[in-house]
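[1] could you look at this predicted model? Sequence included:
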Amino acid sequence: MSIELVHATRGNLVESIYRGDIAVVNAEGDILYKAGAPEEKVTFIRSSAKPIQALPVIASGAVDHFGITEDEYAIFCASHSGELIHTETVRSILEKAGLDESYLQCGSHPPIYREAADKLVKQGITPSEVHNNCSGKHSGMLTLAKYEGWDLDTYTELDHPVQQAMLEAMAECAGIEKSDIEIGIDGCGVPVHGLSVYHMAKAWANLSTPIYLDKDYAVAAKRISKAMYKNPKKIAGSKRFCTALIESGQGKWINKSGAQGVYCFGLLDQNIGIALKMEDGNSKAASSAMVEVLNQLGILNEKHKKDLSKFHNPKITNHKKEEIGELKPVFTLKKIL
């Protein structure tokens, strides 16, 4: 069962407890370390799936055919903040594919980045699909559909070839059958994949060290990883943990958050994938726990620790901006191998 991973303190008391499960796995499927019961915890991988969902887009040859550049296709993997750097990239991808944002079926919401959202309000602009944090992923789906000559109006449906290709990619990376993956609907309207936290970690081990993947997927995985660590601001945005963690790694790793307290990480070419899920879905607690995992594994040096300290032990403040508590990881990873 899930265990206590992070405490929220206020004064001398523990005010809230965040439980969850963690798996550190290699591409062979061996559990190296764990906390809780990641083999038993089945949940949706949410946006931590995006780099894996990008595999068939890159492997198909679509990005090369349309001249979509590395700094552009990085956004296929993003849960972006809706800043200008993000919306311009999505629009450029669509234009190169001979499309426009009217083809996006991700729904709309204000930009995650407050300054970008406020700017739209001042300009009297209503947020559109391009501002949705998943519009990059959807631009990738449309790119693949356009390249293959598949229907563009139904690309979000489970039986569409785009979604089947992405389901197959997830199954291959996780080392399971497509039929073993639970299907739900994500916030942006496309199928979302349900699997154990253990299989999420295995999928990320294969993504970041693709020694067992099909050759085309292996090449695509290398390209996706490079695009992510070369363009960290495209993956999330200003003041976001995903961007800060990738920046700190300087090409040593890739990582991606998922909604409802999911987080995945891959140590490039080191055969280590990590996944965690906070039971209550708290994203700040997930970030805190992930930094602690990396610290316990000895992956972080002193500079990394300094770079990530505000996410490791974020301070809790009141409305007067006074520090009155913090989030604090409380777990110890159990070594398995």
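    Yep, that arrived.

[2] helix/strand/coil for the closest residue to residue 9 other than its chain neighbours?
    The shortest distance from residue 9 to any non-neighbouring residue, by CB to CB, 6 or more residues apart in numbering, is to residue 325 (4.4 Å). Every C-beta, even on glycine, is put in place using the N, C-alpha and C of the backbone. Here residue 325 is strand, with the state taken from DSSP: H, G, I helix; E, B strand; the rest coil.

[3] so that it lines up with my notes, have the first residue be 712 from now on.
    With 712 as the first residue, the last one maps to residue 1036.

[4] need the pLDDT of residue 1036.
    Residue 1036 carries a pLDDT score of 97 in this model.

[5] what does the biggest helix by length in the chain rub up against?
    Ordering each helix of the chain by length in residues (DSSP state H) puts helix 926-941 first. Applying CB atoms under 8 Å, 6 or more residues apart in numbering, the contact partners of helix 926-941 are 762, 765-767, 769-770, 781-782, 784-785, 787-788, 880, 883-884, 917-919, 921-922, 924, 946, 957, 960-965, 967, 977, 979.

[6] coming back round to it: and the gap between the residue nearest to residue 720 and residue 721?
    4 Å (CB to CB, to the nearest Å).

[7] who touches both of these two?
    Contact criterion CB under 8 Å, 6+ apart; residues shared by residue 1036 and residue 721: residue 1027.

[8] those two - which one has more neighbours?
    residue 1036 (20 against 13; other CB atoms under 10 Å).

[9] need the contact list for the more buried one.
    719-722, 726, 1026-1027.

[10] how about the strands in the stretch 912-1048 of the chain?
    Using DSSP state E, counting those that start in this stretch, the strands of the stretch 912-1048 of the chain run over 964-969, 973-978, 983-989, 1026-1028, 1034-1040, 1045-1046.

[11] neighbouring contacts of the first one?
    By that I understand strand 964-969. 755-762, 788, 790, 918-919, 936, 939-940, 946-947, 952-953, 956-957, 960, 974-979, 994, 997-998, 1001, 1010.

[12] now, those residues that are in helices?
    Among the contacts of strand 964-969, the members falling in helices (DSSP H) are 761-762, 918-919, 936, 939-940, 946, 952-953, 956-957, 960, 994, 997-998, 1001.

[13] got a ChimeraX select line for the buried ones in the residues you listed?
    ChimeraX command restricting the ones in helices among the contacts of strand 964-969 to the buried ones, with burial defined by 16 or more other CB atoms under 10 Å:
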select :761,762,918,919,936,939,940,946,952,953,956,957,960,994,997,998,1001
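
[14] quick one: secondary structure of residue 716?
    Classification of residue 716 using three-state DSSP returns strand.

[15] list the buried ones in the helix or strand hosting residue 883?
    Under the criterion of DSSP states H and E, residue 883 resides in helix 872-885. Of all the residues in helix 872-885, those buried under the rule 16+ other CB under 10 Å are 872-874, 876-878, 880-885.

[16] which one of the residues you listed is nearest to residue 777?
    Of all the buried residues of helix 872-885, residue 777 sits closest to residue 873, with 15.4 Å by CB to CB.

[17] show me what contacts that closest one?
    767, 852, 855-856, 861, 866.

[18] secondary structure added to these, as CSV?
    Listed next are the contacts of residue 873 as CSV, based on three-state DSSP:
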residue, secondary structure
767, helix
852, helix
855, helix
856, helix
861, coil
866, coil
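
[19] tell me the one among these nearest to residue 891.
    residue 767 (18.9 Å).

[20] just checking, that closest one touches residue 874?
    No: the criterion here is CB atoms under 8 Å, and residue 767 misses it with residue 874 at 10.2 Å.

[21] residue 1027: how many residues sit nearby?
    16.

[22] gap between it and residue 971?
    Separation of residue 1027 from residue 971 (CB to CB): 21 Å.

[23] and if you look at residue 911?
    In terms of CB to CB, residue 911 sits 13 Å off from residue 971.

[24] looking at those two, which one has more neighbours?
    residue 911 (34 against 17).

[25] please tell me how far residue 879 sits from residue 920.
    Taking CB to CB, one finds residue 879 at 20 Å from residue 920.

[26] same check, this time on residue 874
    Counting by CB to CB - residue 874 and residue 920 are separated by 26 Å.

[27] go on, residue 805?
    Taking CB to CB, one finds residue 805 at 32 Å from residue 920.

[28] now residue 792
    Distance from residue 792 to residue 920, counting by CB to CB: 29 Å.
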